[in-house]
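>>> Here's my sequence, what's the structure:
(chains A, B, C and D)
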Protein chains: 2
Amino acid sequence: MNTTFRCDCPITSALDILGDKWMLVIVKQMLLEEAYTFKDFTESDEAIATNILSTKLKMLEEAGILTKSKLPTNRKTNLYLLTEMGLFLTPIIVELALWSDAHLRGMNPAIRRDEGLVHMKADKEGVVAGLQEQYRKMREQLLSGSG
Amino acid sequence: MNTTFRCDCPITSALDILGDKWMLVIVKQMLLEEAYTFKDFTESDEAIATNILSTKLKMLEEAGILTKSKLPTNRKTNLYLLTEMGLFLTPIIVELALWSDAHLRGMNPAIRRDEGLVHMKADKEGVVAGLQEQYRKMREQLLSGSG
DNA sequence: GTTTTTACTTGTAAATTGCAAGTAAAATTA
DNA sequence: TAATTTTACTTGCAATTTACAAGTAAAAAC
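Below is the predicted model:
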């Protein structure tokens, strides 16, 4: 799967990889909703189709945004974990949350409000750093088998 | 055109509007590349198809992200201008640029490097505020007919 | 050894994107 | 004033992406 880039613009190039219906949703699920396995993703609120999930996980792996591995003690279940490159999408995820909170409630009154959003508004750099740190710790724990 | 939202997550809701191939590219063109008219968009590097552009501009207008108007002295050319809601996408655009600059050069060596990126790295909050201010001034000028 | 679970694949349909040609209104030119 | 050009689309059809539903195979559980 080879990404075709539309032009030499950095922003458009980012969107050539991320600009579709599911890529950033999957990253959000990994970062914020403890999704690590194929089943975790299929059981999320968004209910992605399994053939689409399979394809998007491959693309994310090929782009270097996540890794796919297995624990030595479990040869069946695949673990999908964000790489550093993937973790650096955190500011984008946080900005999407803030924009949505500020502007989309008119269009989608059902949007939930949680205390994460309150923290993001108060100190978004801090929240970004905190999420990244927390993910690194969790990733280390999972990989060392003491999850 | 009525947006269907996948669930009550603010991030997923934002992506229900923005998560496709062209929506954020068009916003970027308006914010950074002085695209105001249908022709401006069709002549950009990305070369969007006219039927897609037409559809996406309608969707952006319906979402409240841009307005469509005409000058009294020119009843032919439509002016597309970002609203405040649209301008608040600036942080997302800037974060995409930063992520791409830091992580995508391996996949797309053609990505250009300009001094805008240098400024963004140095002071992204300042760049965001500067872009928004600059756009507001330009918008005012265009609307008062002294472009 | 059998059943269940997990991670997919497959065939097909619906939705989105794109190509190329065409149309109509407004502006420009002769 | 008439003819030509420009601008903003629309249309018909094709290609790609997303989605549904059923099926498959390997690994784990019973």
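
>>> Can you check which helix is longest in chain A?
What stands out as the longest helix in chain A, according to DSSP state H, is helix A:124-143.

>>> Next, the angle from that helix to helix B:124-143.
With axes from the mean of the first three to the mean of the last three Cα atoms, to 10 degrees applied, the angle from helix A:124-143 to helix B:124-143 works out at 130 degrees.

>>> Mind listing residues that contact helix A:124-143?
A:31-32, A:34, A:36, A:69, A:79, A:81-82, A:87, A:90-91, A:94-95, A:98, A:116, A:119-120, A:147 (Cβ atoms under 8 Å, 6 or more residues apart in numbering or on different chains). The way it works is simple: take the backbone N, C-alpha and C, and place the C-beta from them, glycine included.

>>> if we go to 7 Å?
A:31, A:36, A:79, A:81-82, A:87, A:90-91, A:94, A:98, A:119-120, A:147 (Cβ atoms under 7 Å, 6 or more residues apart in numbering or on different chains).

>>> Which positions in chain A make contact with DNA strand C?
Contacts of chain A with DNA strand C, taken as Cβ under 7 Å from any atom of the strand, map to A:37-39, A:50-51, A:54, A:57, A:68, A:76-78.

>>> most surrounded residue in those?
A:L57 (19 neighbours; other Cβ atoms under 10 Å in any protein chain shown).

>>> what pLDDT does that one get?
If you check A:L57, the pLDDT there is 98.

>>> Same check on A:D114?
85.

>>> quick check, A:L96 in a helix?
Yes. Remark: A:L96 belongs to a helix, assigned using DSSP: H, G, I helix; E, B strand; the rest coil.

>>> re earlier: of the contacts of helix A:124-143, keep whichever come out buried.
Among the contacts of helix A:124-143, the ones that count as buried by 16 or more other Cβ atoms under 10 Å in any protein chain shown are A:31, A:36, A:79, A:81-82, A:87, A:90-91, A:94, A:98, A:120.

>>> And the furthest pair within these?
A:L79 and A:L98 (30.0 Å; Cβ to Cβ).

>>> Let me see the contact set for A:I93.
A:24, A:27-28, A:31, B:11.

>>> Quick one: the strands in chain A, in order.
A:66-71, A:74-82 (DSSP state E).

>>> Tell me where the model's unsure across chain A.
A:1, A:146-147 (pLDDT under 70).

>>> So which residue is dead centre in it?
The C-alpha lying nearest the average C-alpha coordinate of chain A belongs to A:V27 (Cα atoms, centre = their mean; 1.2 Å).

>>> residues in contact with that residue?
A:65, A:86, A:89, A:93.

>>> Excluding residues flanking it in the chain, which one is nearest the third one?
The reference is to A:L89. The shortest distance from A:L89 to any non-neighbouring residue, by Cβ to Cβ, 6 or more residues apart in numbering or on different chains, is to A:V27 (5.3 Å).
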